[in-house]
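J.: After the sequence you'll find the predicted model.
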Amino acid sequence: MEYKSIKKVIGAFALVVCTSQLPMTAQNGEATFKATCGVCHTIGKGKVVGPDLKDVHKKRKEEWIIKFVKGSQALIKSGDAEAKAINDEFGGMVMPDQNLKDEEIKSVIAYIAEQSGGAATEAPVATAEAPKEVVAASAPELIEKGKAYFSGNSSFFNGGASCISCHNVNYDGVIAGGVLAKDLTDSYTRLGGEAGLSGMLSAPPFPAMTAAFKNNPLKDDEIKAVIAFLKDAAEKKSAVSGMNPLLIGGFAGFVLLFIAIMLVWNKRKNNSAKKEYHERQIKAIN
């Protein structure tokens, strides 16, 4: 009897340990999700910068998810149809490779599975302190502030690089920007509006942005102004030429230069001096 009692106690203990692993794994995954994934993804709240991850554990195999998280572009280049479809759906927006261990990714998957069961999902940490009222922040003066921050006419408080260093936006009064990153003219609609942009600006998910703003974070009022400007740029996109102003200026300069050359060329001497002598000799022979 004593042996059987001990056996039951051991069995019960083992059951408790095993069943407690999923919640603990999900708990660890929650922290990783909020620190790494929450900037671009939600669980059951719709698309932001990237896809909604609700029930992703049912749609994709664990091995595939791990590969995609660690190297999405490598998986796309390998010809994986599902990875390519996601890339195309989000306009070629590159998901940065995440330096996470397999176990960390599995814990995130467990957290997503837990949150996909119908429980309300908390807002991602990265967006919790993000601007909340973009509509109220879209006043003309705030748009002008955002325009100045974007173009570098006003400096960010913590010394971060101006957006125009790497990005272009088609907007009256703003010169052509850098080509190191995507054009941001329609970024407000393309990247999930306020939620997507505020998340990206609060905790940049891309390596270049992370490096640029790691020690120079943007303040809330600066983020709010930039979002207001980008929202206005998206709304005015149809009224603004989609061509790069430098390209238009270069083409116009080429046309003017060509016309000037033609005018000068038409004033040239039509015949060489030797032609007159040649014609005299021909007449003399005849």
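T.: All right, it came through fine.
J.: and I261, how many neighbours?
T.: I261 has 10 neighbouring residues, counting by other CB atoms under 10 Å. (Glycine included, C-beta is placed from N, CA and C.)
J.: ditto for G79
T.: 8.
J.: cool, and A208?
T.: 13.
J.: wait, isn't it in contact with A181?
T.: Yes. Assessed by CB atoms under 8 Å, A208 is found in contact with A181 at 7.0 Å.
J.: Give the intersection of the neighbour lists for these two.
T.: Shared contacts of A208 and A181, defined by CB atoms under 8 Å, 6 or more residues apart in numbering, comprise C166.
J.: Tell me the pLDDT of K8.
T.: You'll see K8 listed with a pLDDT of 46.
J.: same question but for T127, I mixed them up
T.: pLDDT, T127: 42.
J.: One more: I175?
T.: pLDDT at I175 comes out at 87.
J.: for F157, same thing?
T.: For F157, pLDDT reads 92.
J.: got the contact list for it?
T.: Listed by CB under 8 Å, 6+ apart, the contact set of F157 reads 219, 222.
J.: shift numbering so it begins at 11
T.: Will do, 11 is the new start, and the previous item becomes F167.
J.: who's in contact with stretch 95-112?
T.: The contact list for stretch 95-112, computed with CB under 8 Å, 6+ apart, reads 42, 46, 50, 59-61, 76, 78-84, 86, 115, 118, 192, 200-201, 215-217.
J.: Mind listing what's buried along that stretch?
T.: Buried positions in stretch 95-112, judged by neighbour count with 16 or more other CB atoms under 10 Å: 96-97, 100, 105-106, 108, 110.
J.: cool, stretch 69-83 as well?
T.: So, applying 16+ other CB under 10 Å, buried residues of stretch 69-83: 70, 75-82.
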